[in-house]
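[1] Quick one, what's the 3D model for this:
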Amino acid sequence: MKLQQLRYLVEVAKQGLNVSEAAEKLHTSQPGISKQIRLLEDELGIQVFIRNGKRVVAVSEPGKEVLRISERILREAQNLKRVGEEFSREAEGALTIATTHTQARYALPAVIAEFVQRYPKVRLSIKQGSPTQICDMVVSGEADLAIATEGISLYKELAMLPCYEWNRSVVAPKGHPLLALERPMTLADIAAYPIITYDFAFAGRSKINQSFHNAGLTPNVVLTAIDTDVIKTYVRLGLGIGIIASMAFEPEQDQGLDAREAGHLFEPSTTKIGIRKDAYLRGYAYTFVELFAPHLSRKAVDNALHHGDEDE
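    Numbering: from 1, shown residues only. Sure, this is the predicted structure:
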């Protein structure tokens, strides 16, 4: 039994049982993958994949257990490799962060600049996606850390570390009547206008919906986006007012727009880091976490990984 055979198994499953796509992803040949999988099946004495002719059509019941164990073995093999690298090349390696646009664009730049200065030989990669996509990246091993507001708590494989709270602002073209109110803004004031805000899965959108629901109001959401800059673009065009993360409004950059804090109207949201509970983190990964959230020391992270979430 070889690790490479397990990699082939897992990749075929990951590619929807398409052996050709798995071969392309692993930079090898389709016949080579098929041969190695059959050799492994012969050694195990079971059929992992159910075939119709030459085509893989399903995973057998014992095959599901084989895949689960194979994924765990491959993760542990990667952890072993990281242990060695930690002692032989302490300041070299790779770190992949999976996050949403808002975090990548507004929360992470200063952290990344400091990290790169401290660890110039670490290859840093940022992958963007929806909260579900970035959590899947960490679960599958494609990324080391997930940074998001939504979604992490839904994955039992991930330890969840709260980082910081944030709230929202209403953004509108300069001179808009809503911004000129001489009293505190209300949800009814906002609901009187077309609204542009985040897609439901992103950036605490559930908190926005809940606030309007609790007030007995139905907001007129005319456009949603996953990208704060897209929201501001359409607000600038006059399609509606925007509800965005307060940190995403930059007066110097957002010409023609103005913003008003709306934290009194919405429950605050918490940005969190998600890490696989069975991950072995390199020293520089702990540093990245602490740069992003100074209260998350190495001890706090280890407690979350080994004894449950940091805030429990």
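
[2] Where does pLDDT dip in the stretch 151-300 of the chain?
    201-205 (pLDDT under 70).

[3] Touching, Leu74 and Val10? I think so.
    Yes. Between Leu74 and Val10 there is a contact under C-beta atoms under 8 Å: 6.3 Å. To be clear about C-beta, it is placed using only N, CA and C from the backbone, and glycine gets the same treatment.

[4] Can you pick out the residue with more neighbours from these two?
    Higher neighbour count among Leu74 and Val10: Val10, with 20 against 16, using other C-beta atoms under 10 Å.

[5] Specify the local secondary structure of that one.
    Three-state call for Val10 (DSSP: H, G, I helix; E, B strand; the rest coil): helix.

[6] if I look at it, how far off is Ser34?
    Between Val10 and Ser34 the computed distance is 15 Å (C-beta to C-beta, to the nearest Å).

[7] Then Leu296?
    45 Å.

[8] for Glu11, same thing?
    With distances taken as C-beta to C-beta, Glu11 is found 13 Å from Ser34.

[9] before we move on, which element is Asp258 in?
    Per DSSP states H and E, Asp258 falls inside strand 257-261.

[10] Give me the contact list for that strand.
    Residues outside strand 257-261 that contact it (C-beta atoms under 8 Å, 6 or more residues apart in numbering) are 167, 169-174, 176, 178-179, 185, 232, 235-236, 244, 246, 249, 251.

[11] What strands flank that strand, and is each parallel or antiparallel?
    strand 168-173 (antiparallel) (DSSP bridges).

[12] Can I get the partner strand in PDB, CA atoms only?
    The C-alpha coordinates for strand 168-173 follow below in PDB (Å, rounded to 0.1, in the frame of the first residue of the first chain):
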ATOM      1  CA  ARG A 168     -22.600  48.100   9.500                       C
ATOM      2  CA  SER A 169     -23.000  51.500   7.900                       C
ATOM      3  CA  VAL A 170     -25.500  52.900   5.400                       C
ATOM      4  CA  VAL A 171     -23.800  54.300   2.300                       C
ATOM      5  CA  ALA A 172     -25.500  56.600  -0.200                       C
ATOM      6  CA  PRO A 173     -24.600  59.300  -2.700                       C
END
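
[13] for that strand, which positions count as buried?
    168-172 (16 or more other C-beta atoms under 10 Å).

[14] Please produce a markdown table containing those residues, extended by distance to Met137.
    Below are the buried residues of strand 168-173 laid out as a markdown table (distance: C-beta to C-beta, whole Å):
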| residue | distance to Met137 |
| --- | --- |
| Arg168 | 27 |
| Ser169 | 30 |
| Val170 | 32 |
| Val171 | 30 |
| Ala172 | 35 |
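
[15] Looking at the residues you listed, which one is closest to Asn209?
    Checking the buried residues of strand 168-173 against Asn209 by C-beta to C-beta gives Arg168 as the nearest, at 12.4 Å.

[16] I'd say the closest one and Ile244 touch.
    Yes. If you go by C-beta under 8 Å, Arg168 and Ile244 touch, sitting 6.5 Å apart.

[17] Would you list the phi and psi of Val56?
    In terms of degrees, to the nearest 10, the main-chain angles of Val56 are phi -80, psi 120.

[18] what does the one 4 residues further on give?
    Torsion angles at Ser60 (phi, psi; degrees, to the nearest 10) stand at phi -70, psi 170.

[19] What's the local residue count around it?
    For Ser60, using other C-beta under 10 Å, the count is 15.

[20] and the gap between the residue nearest to Leu108 when sequence neighbours are not counted and Gly238?
    The shortest distance from Leu108 to any non-neighbouring residue, by C-beta to C-beta, 6 or more residues apart in numbering, is to Thr99 (6.8 Å). Computed as C-beta to C-beta, the Thr99 to Gly238 distance reads 31 Å.
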